[in-house]
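In: sequence first, then the predicted structure:
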Amino acid sequence: MSKFGEIIETNVPVLLDFYTEWDDACKSMHPVLRDVAAALGDKARVIKIDVEKNSELAEALRVKGLPTLMIYKQGEMKWRQSGEQDANTLIGLVQEYL
């Protein structure tokens, strides 16, 4: 959990993707998140978090539906939504916090 604090306590926005390997919706988000990361470059970070390997964190953040996406900046959650999103929507949302 302390590592999570380090991840979200940055001055650049951090897009978190809570996923599992076996979920089709999560799998379909992989290329979308790659596109988002490529489009934003070093202006933001995109981090994938496997809920099965990080169940304590997922529970603490009340992650129920998958995928669950969150944007943090300076340790504060700015946006959260479950379900698939397209790259342009995510890029636009992250850019609001640049």
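Out: Ah, there it is.
In: residue closest to the middle of the chain?
Out: Geometric centre of the chain, nearest residue: Leu16, 1.5 Å, by C-alpha atoms, centre = their mean.
In: list the helices and strands the lengthiest helix in the chain packs on?
Out: Looking across the chain with DSSP state H, the single longest helix is helix 24-40. Contacts defined by 3 or more C-beta pairs under 8 Å, 6 or more residues apart in numbering; DSSP states H and E place helix 24-40 against strand 14-19, strand 45-50, helix 87-95. Where C-beta positions appear, they are placed from N, C-alpha and C, glycine not excepted.
In: please repeat the previous calculation with a cut-off of 10 Å.
Out: If contacts are counted by 3 or more C-beta pairs under 10 Å, 6 or more residues apart in numbering; DSSP states H and E, helix 24-40 sits against strand 14-19, strand 45-50, strand 68-73, helix 87-95.
In: restrict the least confident helix or strand in the chain by mean pLDDT to CA atoms and write it as CSV.
Out: Ranking every helix and strand in the chain by mean pLDDT, DSSP states H and E puts helix 2-8 at the bottom, with a mean of 89. What follows is helix 2-8, C-alpha atoms only, in CSV (Å, rounded to 0.1, in the frame of the first residue of the first chain):
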residue,chain,number,x,y,z
SER,A,2,2.9,2.4,0.7
LYS,A,3,4.0,1.9,-2.9
PHE,A,4,0.6,3.0,-4.1
GLY,A,5,1.0,6.2,-2.2
GLU,A,6,4.3,6.9,-4.1
ILE,A,7,2.5,6.1,-7.4
ILE,A,8,-0.3,8.6,-6.9
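In: could you tell me which residues within the longest helix of the chain count as buried?
Out: 26, 29, 32-33, 35-37, 39-40 (16 or more other C-beta atoms under 10 Å).
In: can you redo the residues you listed as JSON lines with distance to Glu96 and pLDDT?
Out: Converted to JSON lines, those look like this (distance: C-beta to C-beta, whole Å; pLDDT from 0 to 100):
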{"residue": "Cys26", "distance to Glu96": "24", "pLDDT": "97"}
{"residue": "Met29", "distance to Glu96": "20", "pLDDT": "97"}
{"residue": "Val32", "distance to Glu96": "18", "pLDDT": "98"}
{"residue": "Leu33", "distance to Glu96": "18", "pLDDT": "98"}
{"residue": "Asp35", "distance to Glu96": "18", "pLDDT": "98"}
{"residue": "Val36", "distance to Glu96": "14", "pLDDT": "98"}
{"residue": "Ala37", "distance to Glu96": "17", "pLDDT": "98"}
{"residue": "Ala39", "distance to Glu96": "14", "pLDDT": "98"}
{"residue": "Leu40", "distance to Glu96": "12", "pLDDT": "97"}
